[in-house]
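Have a look; sequence and predicted model below, questions after that.
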Amino acid sequence: MKISLLKISRKKEVINRLELSELAEMIRKSPEERKVFSLRLNYQFYKPQRMDDGQIALDDQQHSVNLPRILFAVECMNFKDMQKGLKYNGLVVVEVNGLKTYEDAVAMRNQAARMDETVMAFLGASGKSVKIVCRGELFGKEEVRSQKEDGRGKMEEPGLPTKEDEIRQFHKNLYETARRAYQNQFGFDIEYLEPMLERTVYMSADPEMYFNPQARAFKADVEKHDQPEKAEISWESDLLMPGRTIKQYRRYTSFIGTTNQMQPLVGNHRDTVNIRQPLCLLRCQAGHANRAGQGDEQLPLQFQTPYGERLFRILALREIM
């Protein structure tokens with residue numbers, strides 16, 4: 001799994017692709033530590049403005065942060081002076097910005113390191129923020145539950161979407177899942193930053209940064225979740241919740257009981273179902289049918305439906321209790 005490192009060289013943006021382990025070593029022994037120190041020294045005097053892609057303009061956009069930027073989500077390259085994405089790697093960054101002190105940032109980094117899902121956690125370039133890197137996998141029908149070896153004997157990448165619209169939705173869902181998880185861990189709200197694939201963070205220097213390449217993945221899907229998910233309850237599960245079965249059955253029979261849709265369920269009878277009829281009368285009807293030689297399995301007309309027999313048994317049991 002590779003990430004992209006963007007830096008300015010001879011007034012042009014150059015993109016290098018690095019392994020996560022290489023990036024972790026660069027942050028621990030940062031070649032940019034002098035620039036990081038200078039930024040932290042003067043950051044309190046600036047008026048930083050954060051852009052959509054993660055860049056920060058300083059002092060009313062007259063100055064910019066002179067540090068390389070890290071693009072975690074996509075492995076990309078320069079093509080005809082344009083940034084071209086090569087591969088989505090399923091990494092997402094949760095940023096905890098605007099902390100009051102350096103000590104707060106260190107404490108947040110250490111708390112993030114306790115999470116099994118944290119791939120990387122390091123102090124931001126300002127010294128008052130924390131960058132937390134996580135990875136995601138698909139779940140549901142698309143889930144890949146076990147990794148397999150490819151033809152070269154290496155482990156394949158975990159299940160990830162391949163279509164651009166699905167990738168963007170998956171990345172958004174993954175960010176939401178990770179953000180909620182770390183909010184619960186820290187005990188406060190984390191500022192929502194639009195989870196764009198192109199979003200970057202600045203290279204930093206943190207000798208005690210946390211790195212775990214074997215971190216557990218968050219699960220996400222490619223569906224929009226702008227409405228509450230409807231709960232689907234099976235009939236077997238419904239039977240285990242007192243009060244739900246009669247209510248649901250009454251709603252079902254009140255809908256079909258006065259229409260011809262009831263006709264195939266009860267043979268040639270056209271009687272209207274009356275679920276409110278006293279149970280003692282229904283049992284008398286069943287007993288009369290048995291004495292007429294129609295068999296023990298004969299049920300009152302009102303219960304000659306796919307679920308009627310079970311409902312009759314429940315009603316009878318409740319009367320006894």
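Here it is on my side, so go on.

Tell me which stretches of the stretch 101-250 of the chain form helices.
102-112, 164-186, 235-238, 244-256 (DSSP state H, counting those that start in this stretch).

Which of those sits closest to Phe211?
helix 102-112 (11.6 Å; CB to CB). No exception for glycine: its C-beta is placed from N, CA and C like everyone else's.

could you give me the average pLDDT of that closest one?
The predicted model gives helix 102-112 an average pLDDT of 95.

what is the orientation angle of it with helix 164-186?
Angle of helix 102-112 versus helix 164-186, following axes from the mean of the first three to the mean of the last three CA atoms, to 10 degrees, is 110 degrees.

name the helices or strands packed onto helix 102-112?
In terms of contacts (3 or more CB pairs under 8 Å, 6 or more residues apart in numbering; DSSP states H and E), helix 102-112 is packed against strand 120-123, strand 130-138, helix 164-186, strand 210-211.

try 6 Å this time
strand 120-123, strand 130-138 (3 or more CB pairs under 6 Å, 6 or more residues apart in numbering; DSSP states H and E).

so can I have a markdown table of those showing mean pLDDT?
Formatted as a markdown table, these follow (pLDDT from 0 to 100):
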| stretch | mean pLDDT |
| --- | --- |
| strand 120-123 | 96 |
| strand 130-138 | 95 |
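
need these in CSV with mean neighbour count and distance to Arg28, can you?
Shown next, in CSV, are the helices and strands packed on helix 102-112 (neighbours: other CB atoms under 10 Å; distance: least, CB to CB, whole Å):
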stretch, mean neighbour count, distance to Arg28
strand 120-123, 26, 9
strand 130-138, 25, 14
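
As a markdown table, the ones you listed with distance to Pro228 would be great.
Below are those laid out as a markdown table (distance: least, CB to CB, whole Å):
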| stretch | distance to Pro228 |
| --- | --- |
| strand 120-123 | 32 |
| strand 130-138 | 22 |
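
Of those strands, which is nearest Leu71?
The nearest among those, by CB to CB, is strand 130-138 at 11.7 Å.

Great, nothing more from me.
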